[in-house]
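[1] Curious how this folds, go ahead:
(3 chains)
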Amino acid sequence: MPELPEVETIARGLAKRVTGDVIESVWLGSKPEPLKSPAEHIVETLEGARISAVGRMGKHIVFDLERPKQQAAAKGKRREAQVEGSRAQWVVHLGMTGQMLVCKPDAEIEKHTHAIAKLKSGRELRFVDPRRFGRLSVARNGDFETVGVEPLDVDLARFVELFRGRKTPIKSALLNQKLLRGVGNIYADESLFRAGIRPRRRAATITREQLEKLYESVRQVLKEAIKLGGSSISDYVDPEGKEGFFQLRHRVYGREGEPCLVCRTSVKRTVIAGRSSHYCPKCQK
DNA sequence: ACTATTTCCTGGATGC
DNA sequence: TGCATCCAGGAAATAG
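    Model prediction:
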């Protein structure tokens, strides 16, 4: 379940391996494709493009693409002709189980492979996603906007403002990508534990002081997790096949019934907005 | 304008 | 052992 730290780790790994490479051809799997843009649009945008950078926005991996000039000239008859030397992005959301793999072309094609981009270097970028919650799309430069703010960029004042007047539980607000982007179930629970706030607390009832603590907690948890390469639960590994280690630092997530690491009280689990939520009833108010 | 709930999807875990 | 059922959850869609 890639959240911000995992996606950041993945994007860095991909950047290291495919920056500067050129996409020569693209294959998209049949059936209901996990696409947010029309298939032809994706193929047209990716083929021939050079990957100039790989980054992250919220939980999205963003490949920055440069389209060569001669490409546009040679295919002049194309209706939606590419502007010369145009820029675009390939945006990938991994959903729950998505993976972006860099493979040798002779590597066995895994079940649930939905897209393959052949690279000039001879390798392939493959998108594999058993549960099909992941999504692929393309955008022209600047088109890919997400509404929420980056937790690691936002300042305290704007962070506090996000929750003003919201009756929804703070846990739901943290998961709402239109407010804050990149925080998922694990990091929401871990942040709330560190801030001493119960997940069901209505956002609007949280004091300024507590919100300041939450602001620091969210950022601290995310930074620490990035440093450790994310949380490896189920079978998450980064593009180099390495596991993350933040799961060893989880204080409440997945620890139902186990003693709180601070006060030994049994960690409780409840469901909020359809998501399991873990907390210590004594440490969190 | 918000908020809450349902839906999508498959593999692994659990239960009888 | 085998089969059915449940559960995980991001975000879009739907309902209130």
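
[2] three-state assignment of A:Ala88?
    Recorded secondary structure, A:Ala88: strand (DSSP: H, G, I helix; E, B strand; the rest coil).

[3] For the residue in the stretch 151-285 of chain A that DNA strand C sits nearest to, the count of nearby residues, please.
    Proximity of the stretch 151-285 of chain A to DNA strand C (Cβ to the nearest atom of the strand) peaks at A:Gly184, 3.3 Å away. Heads up, the C-betas are built off the backbone N, CA and C, glycines and all. Residues lying near A:Gly184 (other Cβ atoms under 10 Å) number 21.

[4] Now do it against A:Ser191, distance only.
    11 Å (Cβ to Cβ, to the nearest Å).

[5] And A:Glu47, by the same measure?
    For A:Glu47, the distance to A:Ser191 equals 41 Å [Cβ to Cβ].

[6] The two: which has the busier surroundings?
    More neighbours surround A:Ser191 than the other of A:Glu47 and A:Ser191, with 25 against 16 (other Cβ under 10 Å).

[7] residue ranges for the helices of the stretch 151-285 of chain A, please.
    Secondary structure of the stretch 151-285 of chain A (DSSP state H, counting those that start in this stretch): helices at A:156-162, A:170-175, A:185-195, A:208-227.

[8] With adjacent residues omitted, what lies nearest to A:Lys282?
    Excluding the flanking residues, the one nearest A:Lys282 by Cβ to Cβ, 6 or more residues apart in numbering is A:Thr265, at 4.3 Å.

[9] what do you get for A:Lys120?
    In this structure, A:Lys120 finds its nearest non-sequential neighbour in A:Val22, 4.1 Å apart by Cβ to Cβ, 6+ apart.

[10] Look at A:His41 and report its pLDDT.
    Looking at A:His41, its pLDDT reads 87.

[11] Make sure I have this right: it is in a strand.
    No. Counting by three-state DSSP, A:His41 falls outside a strand, being helix.

[12] Could you measure from it over to DNA strand C?
    Shown here: A:His41 relative to DNA strand C, a distance of 17 Å by Cβ to the nearest atom of the strand, to the nearest Å.
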